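Undergrad: sequence? don't have it. structure:
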């Protein structure tokens, strides 16, 4: 919403300075986005400095200059002036400028084979003097710190640009803004001069609002103005239109626009001679077409509110007019429309047809249904003043009366909501100034709501009006209470934060990526999950919700590899999506690691990252989070995006159905498909939703502290087992032999090759045996030794290696 | 007697010179070996008359001890020397780099969420969450934004179906609705999380983070709202004084509504929060609209309170001097390293929010 202070003062009698008014606007909820001079053609002339001037290769009298115009890059300008030389401060005209001397528009052009971006100006070209010999030479002392600034001072009037919230259609007109300011004590709202305009004869074109279900129009006012001479608008009107950031068209169009911005009262002017017999406001039928004033052809659906005549559709009511009945410069007779359209209908039609106009914007938010005649009066008066012509009586067709709505307001509600008190009389004054009809009944007010305020429907809205006008700075700042209703974080949230920092502490950089991703990459990781398409994606390569964290991680890993990084560890904790209903999402940690460990290290041998690096990270993380390593169970199953032989899954317990994590090498095909260039790529995922909550707090889980000081004994064994025999099973067999004696089992060597059959391998283990009751004697140890060997051999088919 | 004294003097003399371990061993043998001079002297004890024997024995013992001590100390001396010279040879260049360690980082968004949670925890708020995918009802209708409301246009919504029933939540406010539907007042929660709007430029990205706040009880008014936000902003920016401005605004789900600006100035090209005469909009808030309370089965005649929504990414940008919002989500390793936080840096009340 734009207007000049001068325009505002046509409605507001005030002595307050501009800046005071601007502050007041913001204070009452009409946010000022900008308050600055209207753009001027002369803004295109900038102070500039020639950085370098060289001879033009193809023309003796031309020079090619590098010019600093206060922006990041210098521009190249070809110049014929003899005085164009290095370090000269001068005036530069941006391409698109209108040169004052000849009113020519400057374009980017090639001059003898070299492209010139803009022009350096002489005094004569800027109409400053007749001096045309060379370009302007500006004084260094005065201009050296002004490079890039406008050379001419902008003398245009300052324009206020308000950002009006959707609840305030009344402030889409200057008068509404003035009313609010007056209520807030910033002046007095002027009366609208109610001169009796001369009206003669009846409006001869018959208007009817068809009675239909979903009729979008409830009031249609009109008048005929005959014998007009349409012309260019007078200066004052042109300036108003320009201050709105629009182009003046003709007096009739400009007047309807002006009244719309002045009173928030959209109008439409028809060329009366182009109307076929009568106006019928009705619902459209599917398939009807018309050409709108934006020169587009629209095909209508059912039940859109159209203004039509005997021949067909003239326009979409409250949205856009049509070309068939549009006014032109030679229009003689006009029919002026001032109507009320129902917001819901406007919104529906404009959404389907994708039309956005000033009128639509206003009707959709709610126009004052009682402003029909005011609009007709003001516009027809201006038209007859500027274009001549005779005004007919007004014809008002209506199907709804639009009486003022009433509400009761209890004074006490104000303090209950805002926490502070103001006097009853002040409340009454504020509401009266805002246009409410107020009558007091003891502790209550009977209020009639002004018809321009469709947003006000209940007492809480009245509280807002009062506190907004009184000022939010009156609200006290109360010290917050520290009482807690429940714990800040629940167990799952605590786990989230713990795991997040636990993974980061293992050298991974946390990242946050979009919840959506490229379907092409997503397909590589989605397994059997459903693809969830976004109907209106921001771009075609962010078209689905991610089914895996790896989609974005691999994408960005590649970007970082392309930046020259080699050994990268990244992770993200966040949602992945199973389906498109609320809640069908999982919280997952995804981590990937590329390149080598100890690359170019002077004392450690470098090696590619491998599955056991990520296995360590994932297991350590789970252990740190309080889960018991002893009950973990590893399976060699993993999703298909992992290497089939170098990946696994982690179960908190052998009997669990769902794994809590996967880890391993990323499938080489995927690495290849994504063109990821690295020595090795491994990763892991932790599914937080599968991590069982510990019912008992960790502090209560700990058993009593017991330890043994009796002597420990170590024994080494080497078993020859089938190649695909799992180490985990061997450990399980041994540890189940005697949990009281066997304290730890360590695998210290895996051997395949010489002396071992091709389909076998040797696993060497170290077992620590210790009793908590006595020092074990050689015979006890021998017994447990034998038991270990025999149990392993019978349960696993292994052979002890001798 | 004079013999053994002679031996003593002779050998003490010998032991004073610079010896190596071989010669020392030889001396040891010469003195205490089977036929060593001292050993032999002890053997001769038996042949002495009783009265001499006692004295001679005592002299001999003290000479033996003296020589033995001397030899021991000499051995020690040589050993120390040898060890020292050996250690001298073992010297390494300790200025060579230490073994590699890797240091991870926490993303600024996560850090800021932890900071926010820590601050609100102090004044009794708990953390709630909600789904990223919402239906039209929870995201709009229940929040007093019916289908034909122009405010819906201000949210450039991502939809997941043609009927526009399912969408990516455009704000964290649906968590208010879910929380209130699932519980009984009073409510005192914050809800941080991801939010989505189809908008992208330097200050907008299609995904961003918000934190929702909600406090509903019997007599919570706008003064409490102001106090809560004043406390939060001061704590978050870690300043004693904050210039804060409440401006009337409009959100369909609050009435009255406000936007909050904080004062700032630019010092040496950096934003300094809390001083200066410039205003920066940082959040929207208001008293929860009675229609919203009715929609979630809370009686608006009995209960009232406030809600607010703050852009988390923007808060982080202001506090930590980050200029481009989009960089938050671009996973540039250099950026993550530069703006990321050490995982051990857990924001808390007693250790301080930031170092």
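TA: Received, thanks. Everything quoted here is computed from the prediction, not taken from an experiment.
Undergrad: For residue A:3, list the residues it contacts.
TA: For residue A:3, the contact set (Cβ atoms under 8 Å, 6 or more residues apart in numbering or on different chains) comprises A:159, A:160, A:174, A:177, A:243, A:244, A:261. Every C-beta, even on glycine, is put in place using the N, C-alpha and C of the backbone.
Undergrad: so which of those residues are also by chain B?
TA: Contacts with chain B are made by none of these, judged by Cβ under 8 Å from any Cβ of the partner chain.
Undergrad: Name the residues of the stretch 201-350 of chain A found near chain B, please.
TA: A:343, A:344, A:347, A:348.
Undergrad: what about the last one, which SS state?
TA: Recorded secondary structure, residue A:348: helix (DSSP: H, G, I helix; E, B strand; the rest coil).
Undergrad: can I assume it is in contact with residue B:148?
TA: Yes: with contacts defined as Cβ atoms under 8 Å, residue A:348 counts as touching residue B:148 at a distance of 7.5 Å.
Undergrad: And the two? Which one has more around it.
TA: The neighbour count for residue A:348 versus residue B:148, taken as other Cβ atoms under 10 Å in any protein chain shown, is higher for residue A:348 (20 against 15).
Undergrad: ok now do the more buried one, which residues does it touch?
TA: Applying Cβ under 8 Å, 6+ apart, we find residue A:348 in contact with A:304, B:148.
Undergrad: circling back: of the contacts of residue A:3, which is the most crowded?
TA: residue A:177 (27 neighbours).
Undergrad: separation between the nearest residue to that residue once chain neighbours are set aside and residue A:566?
TA: Excluding its sequence neighbours, the residue lying closest to residue A:177 (Cβ to Cβ, 6 or more residues apart in numbering or on different chains) is residue A:171, at 5.2 Å. From residue A:171 across to residue A:566, the span is 59 Å (Cβ to Cβ, to the nearest Å).
Undergrad: does the spatially most central residue of chain A sit in a helix, a strand or a coil?
TA: Residue closest to the mean C-alpha point of chain A, counted by Cα atoms, centre = their mean, is residue A:538 at 10.4 Å. With three-state DSSP as the basis, residue A:538 sits in coil.
Undergrad: just checking, it touches residue B:196?
TA: No: taking contacts as Cβ under 8 Å, residue A:538 lies outside contact range of residue B:196: 9.4 Å.
Undergrad: thinking residue A:478 is in contact with residue B:229, fair?
TA: No: Residue A:478 is beyond contact range of residue B:229, at 11.0 Å (criterion: Cβ under 8 Å).
Undergrad: residues in contact with residue 179?
TA: Using chain A. With Cβ under 8 Å, 6+ apart, residue A:179 has these contacts: A:11, A:170, A:189, A:433, A:434, A:435.
Undergrad: I was thinking of chain B, sorry if that wasn't clear
TA: B:128, B:130, B:187, B:189, B:191, B:214.
Undergrad: tell me the SS of residue A:360?
TA: Quick answer, by three-state DSSP: residue A:360 is helix.
Undergrad: quick one: it from residue A:317, how far?
TA: 10 Å.
Undergrad: Settle it for me: which of these two has more neighbours?
TA: residue A:317 (31 against 22).
Undergrad: which secondary element of chain A has the worst mean pLDDT?
TA: Lowest by mean pLDDT, DSSP states H and E among the helices and strands of chain A is helix A:698-701, with a mean of 79.
Undergrad: That one: which residues count as buried?
TA: Judged by neighbour count (16 or more other Cβ atoms under 10 Å in any protein chain shown), helix A:698-701 contains no buried residues.
Undergrad: Please point out which parts of the helix or strand just after it sit buried.
TA: Once helix A:698-701 ends, the next helix or strand along the chain (criterion: DSSP states H and E) is strand A:713-722. By neighbour count with 16+ other Cβ under 10 Å, strand A:713-722 contains the buried residues A:713, A:717, A:718, A:719, A:720, A:721.
Undergrad: ok, those vs residue A:403, which is closest?
TA: The closest of the buried residues of strand A:713-722 to residue A:403 turns out to be residue A:721 (Cβ to Cβ; 93.2 Å).
Undergrad: which element is the residue of the stretch 51-200 of chain B found nearest chain A on?
TA: Closest to chain A within the stretch 51-200 of chain B is residue B:102: 3.0 Å, counting by Cβ to the nearest Cβ. Residue B:102 is part of no helix or strand, with elements assigned from DSSP H and E.
Undergrad: about what we covered before: filter the contacts of residue B:179 by proximity to chain A?
TA: Checking the contacts of residue B:179 against chain A (Cβ under 8 Å from any Cβ), the matches are residue B:187.
Undergrad: Tell me how many other residues surround the residue nearest to residue A:659 when sequence neighbours are not counted.
TA: Take residue A:659 and drop its neighbours on the chain: the residue closest to it by Cβ to Cβ, 6+ apart is residue A:649, 3.8 Å away. Counted by other Cβ under 10 Å, the residues lying close to residue A:649 total 20.
Undergrad: Backbone dihedrals for residue A:649, both of them.
TA: Taking degrees, to the nearest 10, you get phi -130, psi 150 for the backbone angles of residue A:649.
Undergrad: Next, the contact list for it, please.
TA: So residue A:649 contacts A:634, A:635, A:636, A:637, A:638, A:659, A:661, A:662, A:663 (Cβ under 8 Å, 6+ apart).
Undergrad: Columns neighbour count on top of those residues, output as CSV?
TA: Formatted as CSV, the contacts of residue A:649 follow (neighbours: other Cβ atoms under 10 Å in any protein chain shown):
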residue, neighbour count
A:634, 18
A:635, 14
A:636, 14
A:637, 12
A:638, 21
A:659, 20
A:661, 25
A:662, 23
A:663, 27
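Undergrad: Tell me which two of those sit farthest apart.
TA: A:636 and A:661 (13.7 Å).
Undergrad: Run through the helices of chain B in chain order.
TA: Remark: helices assigned in chain B by DSSP state H are B:2-16, B:21-32, B:37-43, B:50-89, B:108-122, B:136-139, B:174-181, B:222-237, B:290-295, B:312-320, B:333-339.
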